[in-house]
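> build me a structure from this.
(one chain, ligands or ions: 1)
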Amino acid sequence: MLERLVYRSKATDDMSSLMLFNLLAQARQKNGALNITGHLIYDGEYFTQWVEGPAESLDALWTSLLKDDRHCEVMLISRTPAEERRFAFWTMAFSSYSSLNSYNMPGFFPIDRENVSEQIRKLTD
Ligand SMILES: Cc1cc2nc3c(=O)[nH]c(=O)nc-3n(C[C@H](O)[C@H](O)[C@H](O)COP(=O)(O)O)c2cc1C
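From the prediction side, this is the model:
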């Protein structure tokens, strides 16, 4: 059954463009295999992530996420059944400040400091 999961976590380091590029490349490769889609936002301090896919895939990802030392204070916000995907086209869309997209990654949707809270609210509400 299709489910969606939303969480927030704190980055353990200041994430650079390279760190984010590598994180997204790894996430997208595995998400493709797990049939997971979603959207990740990095606001310079916290990650907020919406992931959607089969329940077993979300279980596997959650186990991996909890072991990942690139972030801490991982807090589940919601996990619910989903009728359809909201981010069907993205193995993981990504939003952050343009200054953190030095490698021009695909599926990047820039945010700025004025609208970051609004973007996060859209994912978590
Ligand atoms: C903020 C954040 C978001 C992540 N998002 C994903 C993701 O969407 N999919 C994924 O496979 N890994 C994601 N990862 C990486 C996983 O935590 C983990 O390193 C990766 O899945 C490999 O885990 P494994 O060694 O248990 O297979 C994310 C890591 C962080 C810090």
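> get me the contact residues on this protein for the ligand.
Proximity of the chain to the ligand, by CB under 6 Å from any ligand atom, involves residues 9, 23, 26-27, 30-31, 40, 47, 49, 51, 61, 64-65, 68, 70-71, 92. In short, each C-beta sits where N, CA and C put it, glycine included.
> now with 8 Å?
Contact residues (CB under 8 Å from any ligand atom) of the chain with the ligand: 9, 11, 23, 26-31, 34, 36, 38, 40, 42, 47, 49, 51, 60-61, 63-65, 67-68, 70-71, 91-92.
> quick one: which of those sit in helices?
23, 26-31, 34, 60-61, 63-65, 67 (DSSP state H).
> quick revisit: filter the residues of the chain next to the ligand down to the buried ones.
Among the residues of the chain next to the ligand, those that count as buried by neighbour count (16 or more other CB atoms under 10 Å) are 9, 11, 23, 27-28, 30-31, 34, 36, 38, 40, 42, 47, 49, 51, 61, 65, 71, 91-92.
> which residues does the residue most central in space within the chain contact?
With distances taken as CA atoms, centre = their mean, the residue of the chain nearest its centroid is residue 40 (2.5 Å). By CB atoms under 8 Å, 6 or more residues apart in numbering, the contact set of residue 40 is 24, 27, 47, 48, 49, 50, 92, 93, 94, 95.
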